[in-house]
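> Just need the structure, nothing else, for what follows:
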Amino acid sequence: MGALPKRKVSRHRRGNRRSHQALSVRQMIFCPECGNPTLPHRVCPSCGTYKGEKVLEIEEKKEKGK
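Numbering: from 1, shown residues only. Below you'll find the predicted structure:
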């Protein structure tokens, strides 16, 4: 038979064990070119620039039904 707990683990002890598992909010910066929030050290998805240089050509979104 496998290992079984001798007694119930209290909510406090269980919570202390899981305390480091909490999710954190992702850091966001504002693009200096367009001002939209982006992740740091990545190409801006809205304007396609990185460190002030144009890296990607972004296509405009087409509206449905028109």
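> going forward, measure contacts and count neighbours with C-alpha atoms only.
Fine.
> so who does Gly52 touch?
Listed by C-alpha atoms under 8 Å, 6 or more residues apart in numbering, the contact set of Gly52 reads Pro32, Glu33.
> roughly how far apart are the spatially most central residue of the chain and Pro40?
The residue at the geometric middle of the chain, judged as the C-alpha nearest the mean C-alpha position with C-alpha atoms, centre = their mean, is Arg26 (4.5 Å). The span separating Arg26 from Pro40 equals 10 Å under the rule C-alpha to C-alpha, to the nearest Å.
> next one: Ala3
Ala3 sits 46 Å away from Pro40, taking C-alpha to C-alpha as the criterion.
> Those two: which is more packed in?
Between Ala3 and Pro40, Pro40 has the larger neighbour count (other C-alpha atoms under 10 Å), namely 14 against 5.
> can I assume that one is in contact with Gln27?
Yes - Pro40 lies in contact with Gln27 (C-alpha atoms under 8 Å); the separation is 7.4 Å.
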